[in-house]
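Colleague: Coordinates for the following, if possible.
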Amino acid sequence: MLGRTVRSLGAVLSTISLCGLTALANPAQDALNRAEKLQSQQEFPEAIRWFGKAINLDPKSTKAYFGRGCSYGEMGQFQQAVNDYSKVIELDPNYAIAYYNRGFNYYACAQFQKAVEDLSKAITLNPKDPSLYELRALAYAKLGKAELAQKDRQMADALKSKTKHGTNSEH
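Modeller: Numbers count the residues shown, from 1 in each chain. I've put the predicted structure just below:
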């Protein structure tokens, strides 16, 4: 009798899974999905609230911290964005775009040396992205390091040129 009940329960669970109802079993993912939708609609305060819910349900969600950091940045709350990107980096030290975004927010807070440090790390992780060199050039310029700024502008231009001519393809 017990064997038949277990098989019946398995069949019910399979049916639920096939019907797409398994999302109900993951409230953290549901909160993250809702937050991302609100963010795409530029409803940043509400998105931040839902990213916070996702974080409370799954404190190791780099996607939730990253998304909330983006929303804070869009609202001009740069220090809160820095805090969230710092958490992303703590959870995943190879998350290149988190270094870029944190560097951008440091730049927005006039913390140019910290911006250079993060952008340098992002470049180490993703050396073919011209936007990394462009922003680091701006930070170097703010620090009065004109030669380094010029080198980064030239590197950004060279990478753009390679991409434009199809010689910078990733495999």
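
Colleague: Strands of this protein, start to end?
Modeller: With DSSP state E as the definition, the chain shows no strands.

Colleague: Which per-residue confidence value corresponds to the residue nearest the centre of the chain?
Modeller: Centroid check for the chain by Cα atoms, centre = their mean gives Phe66 as the closest residue, at 4.0 Å. Here the pLDDT value assigned to Phe66 is 98.

Colleague: Can you tell me, leaving aside adjacent residues, what's nearest to Ala141?
Modeller: Closest residue to Ala141 apart from its sequence neighbours, by Cβ to Cβ, 6 or more residues apart in numbering: Ala149 at 4.2 Å. C-beta coordinates here come from the backbone N, C-alpha and C atoms, glycine included.

Colleague: From Ala47, how far off is the residue nearest to the centre of the chain?
Modeller: 12 Å (Cβ to Cβ, to the nearest Å).

Colleague: shouldn't the residue nearest to the centre of the chain be in contact with Ser86?
Modeller: No: using Cβ atoms under 8 Å, Phe66 makes no contact with Ser86, being 11.2 Å away.

Colleague: so who does the closest residue to Gly73 other than its chain neighbours touch?
Modeller: Distance criterion Cβ to Cβ, 6+ apart; nearest residue to Gly73, sequence neighbours excluded, is Ala81 at 4.1 Å. Taking Cβ atoms under 8 Å, 6 or more residues apart in numbering, we find Ala81 in contact with 69-70, 72-73, 101-102, 105.

Colleague: and what of Leu143?
Modeller: Per Cβ under 8 Å, 6+ apart, neighbours of Leu143: 112-113, 116.

Colleague: Do you have the helices of the protein handy? List them.
Modeller: Counting by DSSP state H, the segments of the chain that form helices are 2-18, 27-40, 44-57, 62-74, 78-91, 96-108, 112-125, 130-142, 146-164.
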